[in-house]
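J.: Below are the sequence and a predicted model; questions follow.
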Amino acid sequence: MITLIIVTFNSEAVIQQCLTSVLHVLPPSSEVIVVDNASSDQTRDILGSFPDVRVIESDTNIGYGAACNAGARLASGSYLLFANADVILLGINTDLLVDDLARGPVGLAGFSFRAGDHAAAAGSGLFSYPRWWSGIVKSSWGLVQPSAGARLLRRCLVQSTAEGAWASGALFAVAREVWEDVGGFDERYFLYFEDVDLCRTVLERGLRVVASRALAAVHAHGQSSGQRDMATAAAWEAASWLLYVAKWYGRRRAALAVRLLTVNLRIVEALLALALIVVPDSKKLATKRCEVHRVAAEIRSGLEGHCVAGARSPAQSVAVAVGRGRR
């Protein structure tokens, strides 16, 4: 039996299409669980129109990984399938999926997406692990020109078929016994990098991450996280990247990374300020400067340990990464 787990947060724009595709494609014996992270839009009303879906309503936004873990604890299936709310399933071969997960020391199966996703329209769906420094440029200069940041991301996350690769958390499958053995997602990651971390943990257990062709899907990248503004998303991505660096490369490397990121953010903000002197009426430049300033403020607060105790924020995650906060 397969249990599909989806996490929603203000996902009214995508969840109905997602669930319609899921219920059309999955075998009748499958179980579908949706964990809603305290949505404030019409998401819960939409979920209520699907009586065959088990809905778990969280009073607060506990983060993507923690919500996935909560759904997995209630799952009945021997195989767990995780999908973002902005994924549309086109087809599934359950026999092939089970075979893929049973081949040798396989821990996790990832999937490539059809055209519509920036990452793996025609590739394996697997990526090489990010370098410890990759977030420095992307989280600073990438704010000024998102397309350049995306190109850098693709260079740092090169598609790979190597056994040491990781699979996108937008859609992946794992046997329950493997999931329980690795402990699920590390809940210190509120948003982003939890999938990279999970795959690396699977690899540490001596298991492989493989690409499977058992599922066909389309991914509307970035539509499952409640339409966060760019600065908020960038701050969370930078913070989670720093947590990842601290966990897998050590806190000294994380401390170096955060200081280099801070310097880059200051340079970017200064250049945008100069550009505004030349083009004072540019709303785009003014918006970009505000976004960079907000990200820099979050990173600086975490670096200095100035964050609200117990509150989930990018600053708190940065503080944990550099050893100035506790989770």
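T.: Sure, I can see it.

J.: Which of the residues in stretch 89-96 are classified as buried?
T.: 89, 92, 94 (16 or more other Cβ atoms under 10 Å). Quick note: C-beta positions are derived from backbone N, CA and C, even for glycine.

J.: closest to residue 269 among these?
T.: Top of the list for closeness to residue 269, among the buried residues of stretch 89-96 and by Cβ to Cβ, is residue 89 at 42.2 Å.

J.: Sort out which one of the buried residues of stretch 89-96 lies nearest residue 314 for me.
T.: Looking across the buried residues of stretch 89-96 and measuring by Cβ to Cβ, the closest to residue 314 is residue 89, at 31.8 Å.

J.: For the closest one, report the pLDDT, please.
T.: Confidence at residue 89, expressed as pLDDT, is 93.

J.: Is it part of a helix or strand, or is it coil?
T.: Following DSSP: H, G, I helix; E, B strand; the rest coil, the label given to residue 89 is strand.

J.: From what I see, it and residue 216 are in contact.
T.: Yes - contact between residue 89 and residue 216 holds when scored by Cβ atoms under 8 Å: they sit 7.5 Å apart.

J.: So which helix or strand of this protein has the lowest pLDDT on average?
T.: In the chain, the helix or strand scored least confidently by mean pLDDT, DSSP states H and E is helix 146-156, which has a mean of 53.

J.: name the helices or strands packed onto the helix or strand that it is followed by?
T.: Where DSSP states H and E defines the elements, the next helix or strand beyond helix 146-156 is strand 166-167. Counting contacts by 3 or more Cβ pairs under 8 Å, 6 or more residues apart in numbering; DSSP states H and E, strand 166-167 packs against strand 106-111, strand 126-127, helix 194-204, strand 208-212.

J.: What strands line up against strand 166-167, and which way round?
T.: Using DSSP bridges, strand 166-167 pairs in its sheet with strand 126-127 (antiparallel).

J.: From the chain's centroid, how far away is the helix or strand just after the partner strand?
T.: Scanning forward in sequence from strand 126-127 by DSSP H and E, the next helix or strand is helix 134-138. In terms of Cα atoms, centre = their mean, to the nearest Å, the centre of helix 134-138 is set 16 Å apart from its chain centre.

J.: Which strands or helices does helix 134-138 pack on?
T.: Applying 3+ Cβ pairs under 8 Å, 6+ apart, one finds that helix 134-138 contacts helix 146-156, helix 230-249, helix 251-278.

J.: angle of the second one against helix 251-278?
T.: In this structure, helix 230-249 runs at an angle of 160 degrees to helix 251-278, with axes from the mean of the first three to the mean of the last three Cα atoms, to 10 degrees as the basis.

J.: can you give me the mean pLDDT across helix 230-249?
T.: Average pLDDT, helix 230-249: 90.

J.: so where's this structure shaky on pLDDT?
T.: 114-125, 145-164, 221-228, 305-311, 324-327 (pLDDT under 70).

J.: hmm, 50 instead?
T.: Within the chain, the segments meeting pLDDT under 50 span 117-123, 157-162.

J.: I'd like the next helix or strand past the helix or strand containing residue 72.
T.: Assigned by DSSP H and E, residue 72 belongs to helix 64-73. Going down the chain from helix 64-73, the next helix or strand is strand 79-84, by DSSP H and E.

J.: Pull the distance from that following strand to the chain's centre.
T.: 14 Å.

J.: got the contact list for that strand?
T.: Applying Cβ atoms under 8 Å, 6 or more residues apart in numbering, the external contacts of strand 79-84 come out as 1-7, 18, 22, 68, 72, 89, 97-98, 101, 169-176, 179, 217, 219, 224.
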